[in-house]
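# Here is the input, now give the coordinates:
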Amino acid sequence: MYELKTKQNDNSVIEFIELVDNVKKREDAFRLLDIFTETTGYPARMWGPSIIGFGSYHYKYASGHEGDAPLVGFSPRKAKTSLYFAPGDPDREALLEHFGKYTAAKACVYVNKLEDINVDVLRALIQQSVMYLQKLYPEN
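Next up is the predicted model:
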């Protein structure tokens, strides 16, 4: 059976951020930590070795595959910072129109630096993602 690699763990979020090599990325990560914590009301937790997640939900697909994931999160990667939002949220695109400079994939939005984005829109994206997932998975 498939075993999820990205699980919530007790590693220190602060220690992880302090190990980010690039000073600007480290500063952005601390700012994102504040933004996500204030916006969600959830404490930051490490998920796997490099994702900082907030809250959690349990999903189960029609295929039978199930697991746990953070409601939202981010990871200060070497190339770009990854922002994790709800996959499949139909309202995300409208918010992204006013977000600033980014690239996107199914569940991730990638940014170079926080100065490139509108932080108010980031807060709206976080709130929208949390509400969408809590509605989709109300038993959490």
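# Any regions of the protein where pLDDT drops low?
Along the chain, the model assigns pLDDT under 70 to residues 1-5, 140.
# just the helices in it please.
13-18, 23-40, 92-96, 119-136 (DSSP state H).
# Show me the contact partners of the third one.
Among residues not part of helix 92-96, those counted as contacts by CB atoms under 8 Å, 6 or more residues apart in numbering are 85-86, 102, 104, 109, 121, 124-125, 128-129. (Each C-beta comes from the backbone N, C-alpha and C, glycine too.)
# buried sites along it?
Residues of helix 92-96 classed as buried: 92, 95-96 (neighbour count, 16 or more other CB atoms under 10 Å).
# on that earlier part again, quick check on the contacts of helix 92-96: which are buried?
Looks like the contacts of helix 92-96 have 85-86, 102, 109, 124-125, 128-129 buried, using 16+ other CB under 10 Å.
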